[in-house]
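# Mind folding the following:
(one chain, ligands or ions: 1)
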Amino acid sequence: MVRFKDIFLWAWQSPQNVLGRFLAAAYGCRYRYSYRGCLVHVSSRFPGGISLGRHIIVGKDTPMTLVHEYGHCLQSRILGPLYLPVVGLWSGLRAWLQLYRPGHYYDSFPENWADRLGGVRHDRYGGRHLA
Ligand SMILES: [Zn+2]
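Numbers count the residues shown, from 1 in each chain. Purely as a prediction, here's the structure:
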């Protein structure tokens, strides 16, 4: 049964959901499964991971990657149509232009927020751990 909440969340995140579905198809993801209300698509051809609405697309579905990308899914639920300009654009630019100190990609916005929401804990030495 489709609930009103599910319909609202899909519409609220519709730009991300459409892009996520398209990207998963474009990368020919081998298989997918459900993870905490999100759909995880796995393709060995995909470099890294990305979250678009309820779609998580990863090259390798390690626990740390899943938890981090789930944090981005929660950001998408919170921000709705603002997710792409606020999180997606900034995250993409940071990664593409390497606007971070080497080894500190997850230390600043929006990556540290995604870690916190998803359940990745940062220790005082810069290490990341599953909570
Ligand atoms: Zn991220």
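# Let me know whether residue 86 touches residue 110 as I believe.
Yes: at 7.4 Å, residue 86 counts as touching residue 110 under the criterion of CB atoms under 8 Å. The C-beta positions use only the backbone N, C-alpha and C, and glycine is treated the same way.
# and those two? which has more neighbours close in?
Comparing residue 86 with residue 110 by other CB atoms under 10 Å, the one with more neighbours is residue 110, at 19 against 14.
# and the more buried one, what are its phi and psi?
With angles defined as degrees, to the nearest 10, residue 110 sits at phi -90, psi 0.
# quick one: pLDDT of the residue nearest to it when sequence neighbours are not counted?
With sequence-adjacent residues excluded and distances taken as CB to CB, 6 or more residues apart in numbering, residue 110 is closest to residue 87, at 4.5 Å. On pLDDT, residue 87 comes in at 97.
# if I look at residue 39, how far off is residue 68?
16 Å (CB to CB, to the nearest Å).
# what's the answer for residue 112, then?
With CB to CB as the criterion, residue 112 and residue 68 are 10 Å apart.
# my guess is residue 40 meets residue 54, correct?
No: the pair residue 40 / residue 54 is not scored as a contact, 10.0 Å apart, by CB under 8 Å.
# give me the element the residue nearest to residue 10 when sequence neighbours are not counted is part of.
Once flanking residues are discounted, residue 10 sits nearest to residue 17: 5.9 Å by CB to CB, 6+ apart. Using DSSP states H and E, residue 17 sits within helix 14-26.
# For that helix, name the packing helices and strands.
Judged by 3 or more CB pairs under 8 Å, 6 or more residues apart in numbering; DSSP states H and E, the packing partners of helix 14-26 are strand 49-52, strand 55-58.
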